[in-house]
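In: predicted model follows, preceded by the sequence.
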Amino acid sequence: MAVAAAPVAAVQSLAHRAGIYGLLAVVLVAALLFVPGFASPTNLANVVTQSAALGLVAIGQTFVIAGGLIDLSVGQLLGLSVVLSCAISEGRSELLLPVLAAMVALGAAVGVAHGTLVNRFRIEPLILTFGTLSILQGAIFAYTDQSVGRPPAELVWLANGRLLGLPVAGLVLLGFAAFAHLLLRHSRFGLRLLATGGDADSARRAGVDVARVRLFAFVLSGLGATLAGLLVAGRLGTGYPNAGQGFELDAIVAAVLGGASLAGGRGTIAGTVAAVILLGVISNVLNLLEVSAFVQTFAKGLIVVTAIVATRARSGGGPFSARRLPAAGTAGRDAG
Amino acid sequence: MSPAAASAWSSASEALSRWAILCVLAVLYLVAIALSDAFLEPVYVGNILRQAAPVGIAAIGTTLVMILGCIDLSIGAIISFSAVLCAVLMAGDARNVPMAVGLTLAVGAALGAINGLLVVFNRDSSFILTLGSALAIYGLTQIFSGGTARGMVAPDFREFFNHRLGDVLPVLALTLLLLAAAIEALLRTTRFGRQIYLIGSNREAARLSGLPVAGVIFACYVISGGFAALGGIAVLARSGVSSTFTGRGFEFDALAAIVLGGTLFSGGRGTVVGTVAGTLVLFIAFNLVNILGFNYNLQLVLKGAIIVVASAAYARLGRDR
Amino acid sequence: MRLLFLSKALACMTVLGAALLPAAGAQTTDRALQKKQMAEVVDTKKFKKAGPYTIGVAAGYMSNSWVVFCLQHIRYEASLHKDVKDVIVTDAAFNPSKQVADIEDLVAKNVSLIIYWPVDEKAIQPALEKAVAKGIPTVNAGGGFSYSAGTVSNAFIDQWALGEEGARHFVKDLGGKGKIFAMLPIAGTTAAVDQLAALKAVLKDHPNIELLSAEYGDWNRAKAKQISENLLQRYPKIDGVFSPAGQMSMGVAEAFEDAGRMKGLTMSPGDEYNGWMKWVVKNQKGGAVTFPTRAGQEATKLGLKILAGEPVPRGLVIPSEYIAPKDAAKFAEMNKPDDWWASKLPEQFKPK
């Protein structure tokens, strides 16, 4: 029995360590070999283009999750960004930069609002951002219930075009990911963010300005959403009010599959991007294999559960741990 | 502040935060009456209770999970699946009702059991795990129903639940209240209930004291699944047809109701009474907006605003302890 | 600190601004223009190809029974043609980004023809145009007419005509006077916009009928019921309800029954939604103006004609027919679920 146990444990440990990258590699290889039509350059470029927007949102989400927070409002914020950018620009290229600036401001502003509410009022991020999700959704639909406006041609190119054969959206994602990676893993802010997520009290005692760090995490999440909204606007060619629905949950799934833990303190940009690509590949493969759409939803759920179980089962510590989400304020300890 | 005054304030604010939602409910109701005398009509109030029943019933079960410090995002999916399953089993015949309801309940509990097993063995991941199981269950619902709402509700079934006792209170609304009372009693008077609070407050300590932590977590997820199934049956009773996306969004409405009701995410606190009150607050607010003739989208904004404001208020009250 | 305040103010202003800006107006269809556009003949020579054909169906959503029946009609028609070897279906579940991705994936799979119903017509135009550019014809099936570069032809139900026919019968049943409200589908959709416009056009000739309110029940029975319950509270006298979608009509009727205000209420014709048909049989009120699910069949026929290089019109209307309450029994299937549509589909193609 012990003889058989050793290789099983070895495989499990390997699976755990390879984690999302291993899973992605396996799926990619299998798809390239066995799925007809997958390997064509057009199709591969499509998968990247289709995943870019989610990638931006998921990267933003990685920051908040690493900080021990969460942001459910990003989907509706993306939708607001889509609607506003199309409605304001109405296809005019000269408005590209102002629209870009406005969306950056919007994302930052919403992030600041979230951060302030969490810091000042100790509202649990999950419930706060669920509340702001509703507010944003209501605001979008109060403004319009059908598609409005058109994005500038540059955004359409950014979302769909090719540069030297590579999908531009993919390059945008890469650029954003590189910046985010440096920020999360190679800057003082990133270190402080991870420390805060891991244990806010210890971080505070070590001199970290926890409130500020949380604020910036929310700002990054907001930016991820509004910038992704610009890409989606380019992709759809119109300001569809419900464009953002579902992005928030997919982004959270991607971040967690990529290695972030909802308890905070962990997360990598590379892992998140790998997870986003994985989700895009799976969706594409299931379409190419003509799997019924209903089965696709079921499959996606199974994959999420299996991936979590497989990559977490040996994450150290006993089966029970004291916290799930660190409450923003328990018995007034966080003086942030 | 003198020590006596300080401790008096402390216990007063504790009581206030515990029953804050009831105060909010009372105030909101008074505001509603002031704005529209429809709210004085018992029939209308009965309507609101009936509307709130599916979300409320599902939220009752999930309250237990949240007192434990975990979360269950799959209840919306279980509601959808249960509605379709129950309708199919009933096949329009009143004689099938007990069997249909019983079997649906069992399936809901079984789905909850799967959630429970996943959570017990994968600590800290109840959010993402129940999110995954929600997707899988939605997929199953669609596969099972093939996109249409299959099955037929037996007419007497609907009539029974929509019948108004004393011409006022629909049976469905009464069901909500009775279930709430039953689970509240479970929480307050049984050992199981006490264990839930203890584990929610401090899981490590509970485990070290020898409490059957895994078993309690598992049991609460089973209850959550079972009550979600009841919620699905309630949807069927209220609207008579199960669309495949019946339960979509219910999980977050239930979550909002639970949190409004005073249950904390970190666990250890919460009551079913609070949850029901939270549900009513949400639905009174919705109907108020509707009856005043406002744009439907304002309901969403209002819902969000209530959630944010109430959470801030709770957090503030909690901080003073 | 000031930066904080400024950003918060900016966020609030944006959100409030979006909420308070006058709602972007819904455009109603220009009937004369649409008639002209529909009649245009499409030169399909560039799409001509030899079989065997694969039909791709890019469904914007599959979660309601009407589209499920529409799809079954597509499959049925496909089965009648030996040179159609496969029907591939993708479901965007109301997500336009996904529908764009689905269309791209279907193109990657080299389907011969794409039949679709959109989540949002404008949002998928770029993707459809790419398909057309690659020689894959696109046909819109369902409730709207799309005159754009990405859509080669349409097999559709004229929402305005449907609304108008229903409104005429409704006004007759009302006796030309009374207070009414309208229960419409998802706000902003062609269905909602055109049905309301048709009602208002008919009401112009009947000044004694007062439209109290136009509500949006999103094709959802429970929601229609909830809204009706509130309207019953707001308005002490309601003589009639204009509700062309049978699914919602059921919710409305229930609300009135519950409130004991069913007597003397005139219901407009709904559609041939089975649950509504059963209600009509039982209560002998209302009737129906059909919303035929065989639009899928007609779309397939159009698509195959295009593939054969034959000329087709830009828009083909599937006519709606009026079913009087006394004839409803012929169409209602009492032993089938409510969420069902009358059709001439052979048994093996009916949804399970």
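Out: That came in fine, so what should we check first? Residues are numbered from 1 along each chain as shown, chains lettered A, B, ... in the order given.
In: would you mark the buried spots in the strand or helix carrying C:Val171?
Out: If you go by DSSP states H and E, C:Val171 is part of helix C:159-174. By 16 or more other C-beta atoms under 10 Å in any protein chain shown, the buried positions in helix C:159-174 come out as C:159-171, C:173-174. Every residue, glycine included, has its C-beta placed from N, CA and C.
In: pull the number of nearby residues for residue 96.
Out: All of this is about chain A. 18 (other C-beta atoms under 10 Å in any protein chain shown).
In: was after chain B, sorry
Out: Other residues near B:Asn96 come to 17 when the count uses other C-beta under 10 Å.
In: next: C:Leu203.
Out: Per other C-beta under 10 Å, the neighbour tally for C:Leu203 reads 19.
In: which stretches of chain A have low pLDDT?
Out: Scanning chain A for pLDDT under 70 picks out A:1-17, A:311-336.
In: just give me the residue closest to the centre of the chain.
Out: Picked chain A for this. Chain A has A:Ala58 as the residue nearest its centroid, 0.9 Å off, counting by C-alpha atoms, centre = their mean.
In: wait, chain C
Out: Per C-alpha atoms, centre = their mean, the C-alpha nearest to the average position across chain C is that of C:Gly143, at 3.9 Å.
In: which ones are touching the residue nearest to the centre of chain A?
Out: A:Ala58 is in contact with A:224, A:250-251, A:254-255, A:258, A:272-273, A:275-276, counting by C-beta atoms under 8 Å, 6 or more residues apart in numbering or on different chains.
In: repeat for B:Thr130
Out: Going by C-beta under 8 Å, 6+ apart, the list of residues near B:Thr130 reads B:71-74, B:115, B:118-119.
In: please go through those residues and note which also touch chain A.
Out: Counting by C-beta under 8 Å from any C-beta of the partner chain, B:71, B:118 from those sit close to chain A.
In: now, which of the contacts of B:Thr130 sits nearest A:Leu166?
Out: The nearest member of those to A:Leu166, counting by C-beta to C-beta, is B:Leu73 at 37.2 Å.
In: what about that closest one, how many neighbours?
Out: So B:Leu73, with other C-beta under 10 Å, has 23 neighbours.
In: now do the SS call for it.
Out: Per DSSP: H, G, I helix; E, B strand; the rest coil, the local secondary structure of B:Leu73 is coil.
In: residue ranges of the strands in the chain, please?
Out: You didn't say which chain, so I picked chain A. A:162-163, A:166-167 (DSSP state E).
In: nope, chain C please
Out: Under DSSP E, chain C gives strands at C:41-42, C:53-59, C:84-91, C:113-117, C:138-142, C:153-156, C:178-184, C:209-216, C:240-242, C:266-267, C:288-289, C:312-313, C:315-317, C:322-323.
In: before we move on, back to that, what's the closest of the contacts of B:Thr130 to C:Gln297?
Out: Of all the contacts of B:Thr130, C:Gln297 sits closest to B:Ser74, with 38.5 Å by C-beta to C-beta.
In: coming back round to it: now the strands of chain C in JSON lines, with distance to chain B and mean pLDDT?
Out: Conversion of those to JSON lines gives the following (distance: least, C-beta to the nearest C-beta, whole Å; pLDDT from 0 to 100):
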{"stretch": "strand C:41-42", "distance to chain B": "31", "mean pLDDT": "87"}
{"stretch": "strand C:53-59", "distance to chain B": "9", "mean pLDDT": "94"}
{"stretch": "strand C:84-91", "distance to chain B": "9", "mean pLDDT": "91"}
{"stretch": "strand C:113-117", "distance to chain B": "13", "mean pLDDT": "95"}
{"stretch": "strand C:138-142", "distance to chain B": "15", "mean pLDDT": "93"}
{"stretch": "strand C:153-156", "distance to chain B": "20", "mean pLDDT": "92"}
{"stretch": "strand C:178-184", "distance to chain B": "12", "mean pLDDT": "93"}
{"stretch": "strand C:209-216", "distance to chain B": "7", "mean pLDDT": "90"}
{"stretch": "strand C:240-242", "distance to chain B": "16", "mean pLDDT": "95"}
{"stretch": "strand C:266-267", "distance to chain B": "17", "mean pLDDT": "92"}
{"stretch": "strand C:288-289", "distance to chain B": "18", "mean pLDDT": "90"}
{"stretch": "strand C:312-313", "distance to chain B": "29", "mean pLDDT": "92"}
{"stretch": "strand C:315-317", "distance to chain B": "25", "mean pLDDT": "91"}
{"stretch": "strand C:322-323", "distance to chain B": "21", "mean pLDDT": "90"}
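In: how about those strands, which one is nearest chain A?
Out: Between chain A and the strands of chain C, the tightest spacing by C-beta to the nearest C-beta is seen for strand C:84-91, at 2.9 Å.
In: what separates stretch C:62-71 from the chain centre, distance-wise?
Out: Centroid separation between stretch C:62-71 and its chain, computed with C-alpha atoms, centre = their mean, to the nearest Å, is 11 Å.
In: that one close to chain B?
Out: Yes - looking at stretch C:62-71 against chain B by C-beta under 8 Å from any C-beta, the contacts come from C:62-65, C:67-69.
In: what is the nearest of the residues you listed to chain A?
Out: Distances from chain A to these, taken by C-beta to the nearest C-beta, are shortest for C:Met62, at 6.1 Å.
In: how close does C:Leu177 sit to chain B?
Out: No, residue C:177 isn't Leu; it's Lys. 24 Å (C-beta to the nearest C-beta, to the nearest Å).
In: residue contacts, that residue?
Out: So C:Lys177 contacts C:206, C:208-209, C:239 (C-beta under 8 Å, 6+ apart).
In: neighbour count added to those residues, as CSV?
Out: Output for the contacts of C:Lys177, formatted as CSV (neighbours: other C-beta atoms under 10 Å in any protein chain shown):
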residue, neighbour count
C:His206, 14
C:Asn208, 11
C:Ile209, 22
C:Asp239, 17
